[in-house]
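> return a 3D structure for these sequence lines:
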Amino acid sequence: MTEVRRAFNAALLHVPHPSPDWGARTAPAGTVNPTVVLITSCAGLFLIAVNTTVINTALNAIADDLRMGSGELSWAVGIYMLAVASFVVLGGRLGDLLGERTVFLGGLAAFSVGALLVATAADQWMVIVGRLVQGTGSALLMPATMAMLRIAFSADRQGFALGIWGATGGIGFALGPLIGGALTDALSWRWVWWGSLIYVAVLALFAAGSLRAMPRPSERPRIDYLGVALLAVSLFGLILALQEGPEWGWGSAPSIAAFAVAAGAGLGLVLFELRTDEPLLHLRLLRKRALLGANVGTFANTLFLIGVIYFFNLYAQAVVTLDCSAMLASVALLPFGLSMFATSLAMGPLADRVGFRWPVAAGLALLGVGGLLLGRLDSASDYGGIWWLLVIVGVGTGITFSAPSAAGLRALPSEHAGEASGIINVVRYVSAALVISLGTILFTEVGSDELSDSLKRAGASAVEEDRLDNVLTGAPSQVSETEAKLGRAAREDFRTGADEGISRGFAAVMLALGIAAFASMAAWLLLMRAGRPAEPQGP
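Down below sits the predicted model:
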């Protein structure tokens, strides 16, 4: 296996875990069956990957059923990412303390509680809390799925196992919208989570037996609980301030307090992590330019990976724009998903031949071009003018999916791979939460302005801000109810304004992502200015 392929195996999904020496283990109670462990690990990762993207095609139906606006929908998606970012490194440490079998089953239990809350949700807050609990379960599951493979497989077979594991995650990401669309149209959006519960029940029964022979830790490593708390408080405070800032007012006391809490906790985290002997996040590694570049590339990739899936579904399923069903919207996203998956598979051999710097730069450039072109959409655009733009963005996303992190990990000694991937993983999920939060602000502001202007031109009375926010979800009942409150003469202008508002809102988000991609490309080229991947350096 080449050095580049080893780096790609380590970079897939960026799961943090001390490598390769993660602590002593007692002798197993029986013989560990690597094949059965691989099946269990991939089944767990598939659950996480699907549930990261499955909600997106159900958003319109959820908004319609529970009277949710775009702000509440963004909380439902973003809170999952926030929970994973806050607790995924802790999940790896708990595996060192309690054993991977215990943490894996505990993660499944937490995930099932969250799924039950969403499936039975009577209001928007049950959905949001359920997604928070699901994200916490995923944070426990994800490190365990990789650590089990490192324990069960010999060193010369770990690359094979991790390759299958990574491919399973990629397939899960791609299939999530299709599964969500099919269940939402055929049964109900609630069956997206009832189905998860059935899957978890079967997997838990299988895992209880298949992981019984896994060795248990014989040492009790120290866990940086203060670091975990500071990270969670800092991230939650930041997202709270961004999400609620437009409603509270950016200069209001609650907004200032939330930003202050986020900044204080973040500063405390940095100071504490730099001084403690066993930090949650090894921030000193960020002195390496290659690792900074890895985080820049991962940041840009995640903006598009999550941003396109989330905001395209709001746009495509809106009754006033493309009016796609949940299933049809997921099919409409296939050009993005298939091109991303195919390109990501080709990146390993390409990096073997030419290195990382220029392929990643090309991928970031494609993201920038695709974002700028999608930023030109308006109410006159149809799917025929969109699908090929999704291919451009999909190719760029595929190129940058694991290559930036692989380049960063390759530049570090192998004993720091787990620590560095922990940082990259937090950046990936923080980026996901940020694109949902900041993108929703932009989507709502642009969309509301367009809709309000259209109503003013028609001489219609002003529509309340909350109702405008609900209209921008595109849910049929929320559009119809607002339309019914208007005079007959204003209804056509309202439909036109809603169409233009949602279209322009989506375009504005894509334009912003395109600009961010070009900025990331410039930073990437500066940080990775060597013409070939850097050789491993000392800490």
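> and residue 35, how many neighbours?
Using other C-beta atoms under 10 Å, the number of residues around residue 35 comes to 11. Backbone N, C-alpha and C define where each C-beta goes, glycine included.
> look at it and give its secondary structure.
helix (DSSP: H, G, I helix; E, B strand; the rest coil).
> ok, now how distant is it from residue 208?
17 Å (C-beta to C-beta, to the nearest Å).
> pLDDT wise, what is the residue lying closest to residue 330 once chain neighbours are set aside at?
For residue 330, ignoring the flanking residues on the chain, the nearest one in space by C-beta to C-beta, 6 or more residues apart in numbering is residue 181 at 3.5 Å. pLDDT, residue 181: 89.
> then the one 5 residues further on?
Predicted confidence (pLDDT) at residue 186: the value is 90.
> for the nearest residue to it once chain neighbours are set aside, what are its contacts?
Excluding the flanking residues, the one nearest residue 186 by C-beta to C-beta, 6+ apart is residue 327, at 7.9 Å. Neighbour list for residue 327: 57, 178, 181, 182, 184, 185, 186 [criterion: C-beta atoms under 8 Å, 6 or more residues apart in numbering].
> out of those residues, which comes closest to residue 78?
Closest approach between the contacts of residue 327 and residue 78, by C-beta to C-beta: residue 57, at 16.8 Å.
> any low-confidence regions in the stretch 301-450 of the chain?
Within the stretch 301-450 of the chain, the ranges that satisfy pLDDT under 70 run 414-418.
> returning to what we had before: buried ones among the contacts of residue 327?
The neighbour count (16 or more other C-beta atoms under 10 Å) marks 57, 178, 181, 182, 184, 185 as buried among the contacts of residue 327.
> so the fifth one is in contact with residue 329, correct?
Translated: residue 184. No - counting by C-beta atoms under 8 Å, residue 184 sits too far from residue 329 to count as a contact (9.6 Å).
> quick check: neighbours shared by these two?
By C-beta under 8 Å, 6+ apart, the residues touching both residue 184 and residue 329 are residue 57.
> before we move on, the earlier item: wait, is the residue nearest to residue 330 part of a helix?
Yes - counting by three-state DSSP, one finds residue 181 located in a helix.
> what residues are up against it?
Counting by C-beta under 8 Å, 6+ apart, residue 181 has contacts 57, 58, 325, 326, 327, 328, 329, 330, 331.
> now those residues in JSON lines, with distance to residue 128 and secondary structure?
As requested, those are arranged in JSON lines below (distance: C-beta to C-beta, whole Å; DSSP: H, G, I helix; E, B strand; the rest coil):
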{"residue": "57", "distance to residue 128": "18", "secondary structure": "helix"}
{"residue": "58", "distance to residue 128": "14", "secondary structure": "helix"}
{"residue": "325", "distance to residue 128": "25", "secondary structure": "coil"}
{"residue": "326", "distance to residue 128": "20", "secondary structure": "helix"}
{"residue": "327", "distance to residue 128": "25", "secondary structure": "helix"}
{"residue": "328", "distance to residue 128": "27", "secondary structure": "helix"}
{"residue": "329", "distance to residue 128": "22", "secondary structure": "helix"}
{"residue": "330", "distance to residue 128": "23", "secondary structure": "helix"}
{"residue": "331", "distance to residue 128": "28", "secondary structure": "helix"}
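> highest neighbour count among those residues?
residue 57 (35 neighbours).
> ok, now how distant is that residue from residue 314?
Taking C-beta to C-beta, one finds residue 57 at 11 Å from residue 314.
> kindly report the same for residue 171.
Distance from residue 171 to residue 314, by C-beta to C-beta: 25 Å.
> which of those two has more residues huddled nearby?
residue 314 (29 against 17).
> pretty sure the more buried one sits against residue 70.
Yes - taking contacts as C-beta under 8 Å, residue 314 lies within contact range of residue 70: 7.1 Å.
> got the end-to-end distance for stretch 347-363?
End-to-end span of stretch 347-363 (C-alpha to C-alpha, to the nearest Å): 11 Å.
> from the chain's centroid, how far away is it?
Distance of stretch 347-363 from the chain centroid (C-alpha atoms, centre = their mean, to the nearest Å) equals 23 Å.
> now stretch 128-139
13 Å.
> would you map the helices across the stretch 51-200 of the chain?
Assigned by DSSP state H, counting those that start in this stretch, the helices in the stretch 51-200 of the chain fall at 59-66, 70-98, 100-119, 124-152, 155-186, 191-210.
> the residue nearest the centre of the chain sits in which helix or strand?
In the chain, the residue lying closest to the centroid (C-alpha atoms, centre = their mean) is residue 432, at 4.5 Å. Per DSSP states H and E: residue 432 is located in helix 417-457.
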